[in-house]
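*Asks:* Return a 3D structure for these sequence lines:
(chains A, B, C and D)
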Number of protein chains: 2
Amino acid sequence: MSSEDPQPAPASPTLEDVARVAGVSRATVSRVINGIRNVDPEIQEKVRQAVATTGYVPNRAARSLVTRRTGSIALVVSGAGGEGGAEDPFPSRVFGDPFFGRVASGVLGFLRPRGMHPVLMLAETAEAREQVISYLRQGNADGALLVSTHPADPMPKLLVDAGAPAVLFARPSRPTPISYVDLAHRTGGALAADHLVSLGRRRVATITGPLALPAGQDRMAGFQEAMARHGHPYVPVVEGNFTHDSGEASMQRLLAEHPDVDGVFVANDLMAQGALVALREGGRRIPEDVAVIGFDDSSVALACRPQLTTVRQPMEDMAAEMARLLLAHIEEPDRRATSVIFEPVLVVRQSA
Amino acid sequence: MSSEDPQPAPASPTLEDVARVAGVSRATVSRVINGIRNVDPEIQEKVRQAVATTGYVPNRAARSLVTRRTGSIALVVSGAGGEGGAEDPFPSRVFGDPFFGRVASGVLGFLRPRGMHPVLMLAETAEAREQVISYLRQGNADGALLVSTHPADPMPKLLVDAGAPAVLFARPSRPTPISYVDLAHRTGGALAADHLVSLGRRRVATITGPLALPAGQDRMAGFQEAMARHGHPYVPVVEGNFTHDSGEASMQRLLAEHPDVDGVFVANDLMAQGALVALREGGRRIPEDVAVIGFDDSSVALACRPQLTTVRQPMEDMAAEMARLLLAHIEEPDRRATSVIFEPVLVVRQSA
DNA sequence: TTGAAAGCGCTAACAG
DNA sequence: CTGTTAGCGCTTTCAA
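*Replies:* Numbering: from 1, shown residues only, chains lettered A, B, ... in the order given. Got it, this is the predicted structure:
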C-alpha cells in the first residue's frame, strides 16, 4: 500500500502462477483459457479473476510446440528468375502495385478476427524460394498464400512437393494440384467488348497483359470472342506487360498502325493510364474520339482523367476467399485442391 | 534398394534423430547447428552429414520456447479512431498507398538476410491496438515497427508502456521516449523553395499535408522560411490531407484565390498529381505557366504528365534503418531511444 | 570437447 | 468435473 517491492525480474506469469492464485491445477486453467466446457462456472470465474490479477497471457511458443499450430500464415509474393541483380527493384515494384495492397487488405480482414496473422515473404530468387519452403517446414507458418507474378514461377510446385497447405492467387500456368482463387477473365474481356460495341465503337483494339500469363491470354480471348460475336472477327492486338510505361508505348504503336481506332480495351488500369497519356499526346479526346476501358478497378482508375471505365476485379473478396480456403486446408490436410472463380463486373465511369 | 517402405507418418526428424544417426548426443548436434565452436571438426562433419541425410530442420517453436526469441517482428500500420465503421476503407487505403510498398520493401531487404520476418498488422481501432500489444506480450514477435498515419495515434505510448522494443516511422506528435527514423522535412521544403525561386517564380503557393502531422507542419515551415529568406515572406497556403482528391480540390481553391500563381509546392506526390489535373482544367501549362514540385518521389511522380519534379524521401533506406534500430533494441533491451534523420534530395524532372 | 539432465510453458490423455 | 502425468523439441548449465 505504500511502496513497491523492487521486483527482481517481472517475468511474465505462467499457467502455473495463475493456477496457484486460483487454487486449481494448470490443466484447469488451460481448459478455461481455451474455452473447453466441462468446467464448473464458479471455478471458471475464479480462474478468470486470477488471469486478470496476474496479467497472464499464454506463451505462444509453448502452445505451438504441443499443438503444432502457429497461428501464422505466409503471404508470399513470388516472381521467377534465378538470381536477381543486387539492385533488384522487384520488391518495391510489387509492393508498390495497388494490387498488392488490396490483397493484403482482404487477407487481413479475414485472418484477423480468427486470431491469425500473415507473414510477408518474397520469393523472387531460388534462394528466397528455399527460404520460404524451409520457413514452412520449420513450422513457422501453418500454410502459404501465394501471389505469383510470373508464368514460369516454380513456387507452386515447390509448395506442393513440400506438402504445405497453400492457395494461389490465379490459376497456375502449368497444371498443378493446388487450390487457387481466380477471376473469370474471359467474361471480363467480353464485358468490355459488349460495352464498346453498345457505345457504337467499331474500330476497336486491345492492349493485353503478358500473353504467357493465363490472365493475359484470357482477358484478350474473351474480348476477341465477344467482338467476333458482334461481327468483328479481327481485332488489333498489342502485348503489354501491365506497367504504366508499356501501356503508353503500346498505345503509341496502336495509334501509328491504326490511327482510326475508336475504342481500346486495356488489360489493366495501370496500362490504361499510360494509354490515356499516349492518346492525349496523339490529340485524341476521350471518350469522344477513343473510348478506353481498363481492368481491375484499382485506385488509379479514379486518378485518371477522365476517370476510367473498367472491369472490376473484387480483389479483397478474392483474397479473403484465399485465406478461407487456406484455413480449410490447414484444418483438413487431405482436402482436395479446389478452385473458386469470381465474376467481374463492369464499372462505367467517364472514359467509355 | 528396390521398394520404399510405406512410412506411416514421415514426421519431421528431430535433434534426437540426427543425434542417433550421427552417433553423438543431442547437445552436440545443437552446438553444430548453432555454430558454436569447441566441436571437433570431424564430429562437425559427421553431424552435417546426418542433418543432410535426415533432412532435419530445427523446430522454431521449441527453439523459441527456450531462447525467448521468435525471429519475427511486427510491422504495424496504425491509425487512430475508436471504432471504425463496418466497411472501413482504411486497410485498402493504407496498403494501396505506394508509400507502404516502399516501407515493406526496405524492411524486408534488411530483415531477410538476417533470417527475420515481418508480420503484417493493422492497428486502427482500440481493439486492434490491444491485439497488437497482446501479440507482442505473447512473444509472437520480438518487437514492432510502427508506421503511424494519425497524429493522435495512441500506439506509440502503448508500445512504450508495454516495454516492447519498437521503432517508429516519423517523429511522434507527442514527445514519447521511443526511437524513430525521420526525414529532414524542413530541408525538403527549403529545397523546393530554392528551386522555384531559381526558376524565376515569384508568385508561389503551397498545398500542405495535414498540419496536425509534424511532417505536414515541417514541410510547410521549411518552404515558408526559405521563401522568406528569398524575400517572399507571404506564401498562400491551402491545407490538404495527402490524397489525390484533396490535391485537386486544393489547387482549384488556390487558382480561384490566386489566379496569377506561377509555382506550387505540394506536400506529396499524390496531391501533386491531383493538382496537375486542376491546373490543366484551369488552362495552365506546366511548367510554363505554373511550376509544380511534389514530395516523396513515389511511383506516381513518374506516372504524371509532365513527370513530377519532387523532393525525394529515401523510404527504403529509412525503413531499413528502422529495422536496424529495432534489432539493436532487441539485442540490448535497455538501449536508449534514438532518432535517425535522413536528408531529402530534389529530383528535377519536367514539372518544375 | 562431449554427454546427461533439467527445464522453457503449454496441452492432452488418462485417471480419479 | 478436476488433477496428475507425460511429453512437444530445443538449449544450456554442469560434470565428466
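*Asks:* Tell me how far A:Arg129 lies from chain B.
*Replies:* According to C-beta to the nearest C-beta, to the nearest Å, A:Arg129 and chain B sit 13 Å apart. No exception for glycine: its C-beta is placed from N, CA and C like everyone else's.
*Asks:* Hmm, A:Val107 is touching A:Val76, no?
*Replies:* No: applying C-beta atoms under 8 Å as the test, A:Val107 and A:Val76 come out as separate, 11.4 Å apart.
*Asks:* Name the residues contacting each of the two.
*Replies:* Counting by C-beta atoms under 8 Å, 6 or more residues apart in numbering or on different chains, the common neighbours of A:Val107 and A:Val76 are A:Leu145.
*Asks:* who's in contact with A:Ala22?
*Replies:* A:28-29, A:43, A:46-47, A:49-50.
*Asks:* what about 7 Å?
*Replies:* A:29, A:46-47, A:50 (C-beta atoms under 7 Å, 6 or more residues apart in numbering or on different chains).
*Asks:* can you tell me which of those lies nearest to chain B?
*Replies:* Distance to chain B across those (C-beta to the nearest C-beta) is lowest for A:Val29, with 15.8 Å.
*Asks:* That closest one - how many residues pack around it?
*Replies:* 28 (other C-beta atoms under 10 Å in any protein chain shown).
*Asks:* mind listing the strands in the stretch 201-350 of chain A by residue range?
*Replies:* Taking DSSP state E, counting those that start in this stretch to define them, one finds strands in the stretch 201-350 of chain A at A:204-208, A:237-239, A:263-266, A:291-296, A:309-312, A:339-342, A:345-347.
*Asks:* of all of chain A, which residue lies closest to DNA strand D?
*Replies:* The nearest approach of chain A to DNA strand D comes at A:Asp40, 3.0 Å away (C-beta to the nearest atom of the strand).
*Asks:* Which residues of chain A lie near DNA strand C?
*Replies:* Chain A comes close to DNA strand C at residues A:11-12, A:14-16, A:26-27, A:30, A:33-34, A:56, A:58-59, A:62-63, A:65-67, as judged by C-beta under 7 Å from any atom of the strand.
*Asks:* Show the buried residues in those.
*Replies:* Buried members of the residues of chain A next to DNA strand C, counted by 16 or more other C-beta atoms under 10 Å in any protein chain shown: A:14-15, A:30, A:33, A:56, A:58-59, A:62-63, A:65.
*Asks:* Make a markdown table from those and add secondary structure to it.
*Replies:* A markdown table is the format used below for those (DSSP: H, G, I helix; E, B strand; the rest coil):
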| residue | secondary structure |
| --- | --- |
| A:Thr14 | coil |
| A:Leu15 | helix |
| A:Ser30 | helix |
| A:Ile33 | helix |
| A:Tyr56 | coil |
| A:Pro58 | coil |
| A:Asn59 | coil |
| A:Ala62 | helix |
| A:Arg63 | helix |
| A:Leu65 | helix |
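*Asks:* Name the nearest of those relative to A:Gly139.
*Replies:* For these, the closest approach to A:Gly139 (C-beta to C-beta) belongs to A:Leu65, at 9.2 Å.
*Asks:* Chain neighbours aside, what residue packs nearest to that closest one?
*Replies:* Distances taken as C-beta to C-beta, 6 or more residues apart in numbering or on different chains put B:Ala61 closest to A:Leu65, at 4.3 Å, once the chain neighbours are dropped.
*Asks:* Tell me the pLDDT of that neighbour.
*Replies:* Looking at B:Ala61, its pLDDT is 94.
*Asks:* Which strand or helix spans it?
*Replies:* helix B:60-67 (DSSP states H and E).
*Asks:* so that helix versus helix A:60-67, what angle?
*Replies:* With axes from the mean of the first three to the mean of the last three C-alpha atoms, to 10 degrees defining the directions, helix B:60-67 sits at 140 degrees from helix A:60-67.
*Asks:* C-terminal to helix B:60-67, what's the next element?
*Replies:* Next along the chain after helix B:60-67, with elements defined by DSSP H and E, is strand B:72-78.
*Asks:* what does that following strand contact?
*Replies:* With contact meaning C-beta under 7 Å, 6+ apart, strand B:72-78 is reached by A:119, B:94, B:100, B:107, B:116-124, B:132, B:135-136, B:140-149, B:153, B:155, B:326.
*Asks:* Send me it as PDB with only the CA atoms.
*Replies:* What follows is strand B:72-78 as a C-alpha-only set of coordinates in PDB (Å, rounded to 0.1, in the frame of the first residue of the first chain):
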ATOM      1  CA  SER B  72       9.700 -12.200 -36.200                       C
ATOM      2  CA  ILE B  73       8.900  -8.600 -35.800                       C
ATOM      3  CA  ALA B  74       5.500  -6.900 -36.100                       C
ATOM      4  CA  LEU B  75       5.100  -4.400 -38.900                       C
ATOM      5  CA  VAL B  76       2.300  -2.300 -37.700                       C
ATOM      6  CA  VAL B  77       0.300   0.300 -39.600                       C
ATOM      7  CA  SER B  78      -1.800   2.300 -37.300                       C
END
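*Asks:* How about the residues of the stretch 151-300 of chain A by chain B?
*Replies:* Residues of the stretch 151-300 of chain A found near chain B (C-beta under 7 Å from any C-beta of the partner chain) are A:244, A:273, A:277, A:299.
*Asks:* Among the contacts of strand B:72-78, which ones are in helices?
*Replies:* Using DSSP state H, B:94, B:100, B:107, B:132, B:135-136, B:155, B:326 are the members of these that sit in helices.
*Asks:* what residues are up against A:Thr338?
*Replies:* Contacts for A:Thr338 (C-beta under 7 Å, 6+ apart) come out as A:179, A:325.
*Asks:* can we see that at 10 Å?
*Replies:* Residues near A:Thr338 by C-beta atoms under 10 Å, 6 or more residues apart in numbering or on different chains: A:167, A:178-181, A:325, A:328-329.
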